[in-house]
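Visitor: pasting the structure only:
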C-alpha cells in the first residue's frame, strides 16, 4: 500500500486540507504544534476507524472549526487505486471507491478489511509506526529489558503486546509479590492474615492441654468442695452430737462415778449363791428353831432329871421333915395366934389399967411398943448376923457362931430394954389398979412365956428357912421371915407335888426322849452340815461369817439399786454417746469450742474454695469461648479460599503477561534471523560502519565492531542502544513487509542523534524508501538539505 | 430396642470452598456440624432411644479443640439424664492417644484399640452386645473384621466398624461380616450414605453434615428399631446445611441483564424446595458460546455475586450460590495479533506446572496452595481465563457508546 493523497474535512486542527505524497519518501516538516501528530492520527483513523470511545484520556481530534469530521485518503494497493472516505466519528460513514472503475462499494467494510488483512490499528502502530514516545521509552530501558525487547521485536505488535503484558504484570504485582514480607498488597495481606489465623489456630489448639488442666482443676476443686461440704456436715453433726453430749456430760460423770463405785465393789455374791445361802439360812433358822424347840422340850424333862439328883436328895431330906415343918409352921401360927391373943388380952388389961389411972398416970408403955422394940432388936440381930455372915472373913462355921452370938447378945439386950420399959410401965400403983395390975401381970407372964415359946419357934423356923433357902428351890421364895414360912412350905409342897408328878411323867416319856434325842442329833447334824455348807459358801465369796454375808448382801442390794439407777441413766445415752463420752479426753465444751472454730475455719475455706471455683469456672469458660477453634478454622478455610481465588486472579494476570511475552518470543524467534540480517545492515549504516555484526546466541545479544571487538548491550552508550533499536525496529517492519506492504511511518524521535547520526538515519530512510513507502514526520531542518523538495511537505 | 447410628460427624471441621458468604450465613454454616449433632441428640431424647452408636470420626484430631470436647461432654450429659448410653469408637480422623483417658461422661463407652464386646440391656429387656474398636493410628491395614467374635447368645449383636472395603482402613468384606451372624453392622468412614447389605443391614450412614460441594444432598443418621428379631434402619435427615449442585441450561444470551433475568426465577424456585440452608453450585450449561465478558464475569465470580445480591433483595436467605461452573461449546477461537502457533507454543511453556509454581507459589509454601494449583482443572482454568483476558483486551469492548 502506498498513500498518494490525503484530504482532511475536519480533524483536530486540520480543516479542508489536502496533501499529496508523490514520492516513496515523504517528509512532513514542521515546527512543534504544526499538526504532525494530528496528521498521523488522521492516517491511522482513516485506515482503521476513528476512535469510537470517548474519554478524557482519549484524544478524539474533534475539528476546531466547523467542519465535517473526517476526510479521505487515496492509496494504491495491489496496483489498484482506491479512495477511502470516512465521515463522522460516531455512527461514522465509510465510502470506498475504486478509482479505476469508479466503483463505490455498497458494503465497503469487508473490502477494506480484506485490504488491511490482519493488520489492525494496534498492529499497524506496533509494526509500522516508529514514534518518538517509543524511542524515548527505549532510552529508559535497562540493557536487559532492551535485550528482551529486541528479542521480541520480531513478533507482530510486540511493543503493544509488551505493553499489555507489562500492564498485566503490573496489575499482578499490585495484587501480590511472592517474596514480599509486608502486607501492602492485598494478596500478601491476605496471606499474612491467613498465616496469623493459622498461628492463632495453633495457639488455640495449644489451649487443649490448658483446657484439660483447667477441667482437671475444676474437677479437683469440685471434689475439694464436696469433701469440705462433707466435712462441714460431719462437723455440724459432731457439733449437734457434742451439744447433746454436753447436756449429757454431768449425767455421764455421775454415771461414771457410779460405775467406778460399782467397779470397785466387785460383786462377790452372785444370785445363785445368794439364793443358795438364803436357802441355807432359812434351813439353818428352821433347824435352829426346831433344835431350840427340841432342846426346850428336852430341857424340861432334863431339869427334873438333872436337878433331880440334887433336888431328889433335898427332897428326900425335906420330904420326911415336911410334916414336922408343917407342924412347926402350924405351931408358929398357933403360937402367933396365942401371942396375938395374949397381946390382945394384955392390951385389954392394959387399957383397963390405963382407964383406972388415966388422969394422973403416966402414959404407959404399950406391949406393941414393947413388942415393936423387941422386933426391932430382932431385926437388928438378924442384920448383924447377916453382915457377919457376909462380911467377916472367917469360915462359915465361925461366922455362924459369931453371928449367932452377936444376934443373941443384940436380941437379949433388946429383950431386957423392953422388960425394963414394961417394968417401968407397971409401976403405977392404984386401988383398982391392983386387981388390974395382977391381971395384967398374969397376962403379962402368960404373954411373956408365949413370946418365949414363939421366939424359940421362930428361931427353929429361921433355922429351917435357912436350910430351905440354902436349897435354893425354884418357885420357893427365899425368906428368913418366919411368917413367910408357911407360904414357903406350901410352895415346897407344891414343888414336891410337881416333882412327883413329873417323876411319873418322866418315866412315861423316856422312850419318846430317845427318839427325840436321835431326831435332835439328826437335826444337829443337818445344822452342822448347813453351817458347813454356809461356811463353804462364805469361803467361796471370801467372807468370814454370815453377818459379813448379810452386810455384803446389803451392800449388794445398794449396788443393785445403784445399778438400776445406772441403768436408768444409761438408758438416756446411746451406745455411741457412751463410747464418745468415754473416749473424750477433753471436756465437751472445749470440744464444742474447737469444733465451732474448725467449722468457722471450714466455712472460711469453703468460701475461698467457692470463689476460687467461680474464678476457675470463668477462666474455663474463657478458655472454652475464647476464639472458638471452629470459628478460626472456618476463617482459615475461608482465607484459604479467598487467597486461592486471589492468587488465581494474580496468576491469570501474571501468566497472561508471561504468555504474551512467551508468544512474542516464539513469534519473534521465527523471524529473528531475517531481522538480525537486516538490522546488522542498518546498524552498520547508522554507526558509520563501526559495528559490523549482531550476534545472538542463546537469547543473548552481542555486537561486534569492525575491529572485531565484542560489546554487550550493557556496554553500549544510550545513543548506540537507540540506534540498535531503530535498526531492529526498521528491520522488523521490513521483514513484515513481506507479509503485507504498508508504509513505514516514522515520527521524529531522534532528538538525541547528532548531525552525523541523523544524516546516516536519513540515508537509511532513503535507502528504505526504495522498497517501501516511508512517511517521516520531523521538525528538524536538516531534512531540508538531506531530502529533495518533492519529498518534503512543509506544514 | 431403638438406637441411633451415626458416624463421620467431623465436629468443628471447617467448610471448604466458601465464597464470600455473608456473616449471618457464615455463622450458621460454621456451627452446622454442631447444630446437626444437637439435632441428633434432640432426636435421641425425644425418641428415648436405648443408645447412640458413633462409629468413628466424631471429630478430627487435627481440629480437636476445647470447644469440641466441651460441646461433646455437654451433649452426652443431656443423654445421660435419660440414661441413654453412647458407644464411641475412634476412626482414622479422631484417633487420639491424648484423649483416650478423657472423661466423656458416665454414659459414654469408648472402645479401645482391641475389638471389645460391650453389653447392654435395653429398656424393654433385650440383651444387646455392641462390638467395636478404635483406631490407634491413622491407618489400619489389618483386617480387623477377623478379630470380631461370632454372635453370642444375646438378642441382638451389633458391630461397629470404621473402615472401607479396600485400602488401609481396616479392610473388610460383606461376606466377612455376614459370617459373624450379627444383627446390624454400623459402619463409618465413607461420607456417602450407603446400604451395603440388607441381611443383615450393613450401613454407612454417611456423614451427618456435608462440608463441601462434593458431599452434596441430604445428610443425616439412622434410627434402628427392631421389628421382631430383625433390626430395621430408617434414615433421619439431620443436616442443617445442604450442599447441592443445580444444573441450569440457558439459551443464547447477549447481556449480563439477560443472563440474570434468566437465572433468578429458576433459583427462586429451587430455593422454595428446601427448608435448610442450601449452599449451591450452579452448573451452567449454555447452548451457545457466551460473549467474552459474560463468560469472564461468570468465571471471576461477579455474576455469582450479583445473583446472591438479587436473591437477598428478593428475601431469599436460605439459598446461597457458592460458585458456578460453565459448560459451553468450545470456542476454539484463535487469538488474534500473533500467529496461533506462537500462542500455543507459549501456552505450553507458561501454563506448565513448573512455571505456575515459579510464578506465584515459590514463596508460598502452604500445602493448600500448591495442591490447589497442582490440579489440572485449575491449570486449564487459568489458561482459559488468561485467554479470555487477552481476547477481552483485543476486542476492547469495555464501554459501548452505541
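Guide: That came through, no problem. Because the structure is a prediction, the values reported are computed rather than measured.
Visitor: what about the stretch 201-350 of chain B, any weak spots by pLDDT?
Guide: B:330-338 (pLDDT under 70).
Visitor: again, only using 90
Guide: For the stretch 201-350 of chain B, the stretches flagged by pLDDT under 90 are B:211-214, B:240, B:249-259, B:272-276, B:286-302, B:312, B:314-318, B:322-350.
Visitor: now the strands: where do they sit in it?
Guide: B:201-204, B:220-227, B:230-237, B:241-250, B:277-286, B:319-327 (DSSP state E, counting those that start in this stretch).
Visitor: quick check: angle from the fourth one to strand B:277-286?
Guide: Strand B:241-250 runs at 20 degrees relative to strand B:277-286, counting by axes from the mean of the first three to the mean of the last three Cα atoms, to 10 degrees.
Visitor: ok now whichever strand or helix holds residue A:253, how far from the chain's centre?
Guide: Using DSSP states H and E, residue A:253 sits in helix A:186-264. Put simply, helix A:186-264 sits 3 Å off its chain's centre (Cα atoms, centre = their mean, to the nearest Å).
Visitor: That helix vs chain B: in contact?
Guide: Yes: contact of helix A:186-264 with chain B is found when judged by Cβ under 8 Å from any Cβ of the partner chain, involving A:191, A:194, A:204-205, A:207-208, A:210-212. For glycine as for every other residue, the C-beta is placed from the backbone atoms N, C-alpha and C.
Visitor: For the closest residue to residue A:619 other than its chain neighbours, list the residues it contacts.
Guide: The shortest distance from residue A:619 to any non-neighbouring residue, by Cβ to Cβ, 6 or more residues apart in numbering or on different chains, is to residue A:214 (6.5 Å). Residue A:214 sits next to A:616, A:619-620, A:623 when contact means Cβ atoms under 8 Å, 6 or more residues apart in numbering or on different chains.
Visitor: neighbours of residue A:771, just the number please.
Guide: Residue A:771 has 12 neighbouring residues, counting by other Cβ atoms under 10 Å in any protein chain shown.
Visitor: how far away is it from residue A:73?
Guide: 21 Å (Cβ to Cβ, to the nearest Å).
Visitor: Next one: residue B:79 from residue B:36, what distance?
Guide: 16 Å.
Visitor: Looking at the two, which is more packed in?
Guide: residue B:36 (25 against 21).
Visitor: quick one: the nearest residue to that one once chain neighbours are set aside from chain A, how far?
Guide: Leaving out its chain neighbours, the residue that sits closest to residue B:36 by Cβ to Cβ, 6+ apart is residue B:209, at 4.2 Å. According to Cβ to the nearest Cβ, to the nearest Å, residue B:209 stands 12 Å off from chain A.
Visitor: Could you do residue B:191 as well?
Guide: Per Cβ to the nearest Cβ, residue B:191 is found 17 Å from chain A.
Visitor: pretty sure that residue contacts residue B:216?
Guide: No: in this structure, residue B:191 is not within contact of residue B:216 by Cβ atoms under 8 Å, at 10.6 Å.
Visitor: More neighbours: the two, which one.
Guide: Between residue B:191 and residue B:216, residue B:191 has the larger neighbour count (other Cβ under 10 Å), namely 21 against 17.
Visitor: Leaving out chain neighbours, which residue sits closest to the more buried one?
Guide: residue B:207 (4.3 Å).
Visitor: next SSE after the helix or strand where residue A:505 lies?
Guide: Applying DSSP H and E as the criterion places residue A:505 in helix A:485-540. Going down the chain from helix A:485-540, the next helix or strand is helix A:546-571, by DSSP H and E.
Visitor: just checking, what packs against that next one?
Guide: Under the contact criterion of 3 or more Cβ pairs under 8 Å, 6 or more residues apart in numbering or on different chains; DSSP states H and E, helix A:546-571 touches helix A:186-264, helix A:271-356, helix A:485-540.
Visitor: average pLDDT for it?
Guide: Averaging pLDDT along helix A:546-571 gives 78.
Visitor: now stretch A:221-233
Guide: So the average pLDDT for stretch A:221-233 ends up being 89.
Visitor: Give me the buried positions along that stretch.
Guide: A:221, A:225, A:228, A:231-232 (16 or more other Cβ atoms under 10 Å in any protein chain shown).
Visitor: who's in contact with residue A:779?
Guide: Contacts of residue A:779 by Cβ under 8 Å, 6+ apart are A:29-32, A:34, A:36, A:748.
Visitor: Name all residues that make contact with the residue nearest to residue B:36.
Guide: B:9-10, B:32-33, B:36, B:219, B:238-241.
Visitor: Domains of the chain: list them as residue ranges, please.
Guide: The chain I'm using is chain A. Split into domains by automatic domain parsing, chain A comes to A:1-117+A:741-795, A:273-364+A:426-523.
Visitor: meant chain B, my bad for not saying
Guide: According to automatic domain parsing, the domains of chain B span B:2-237, B:241-395.
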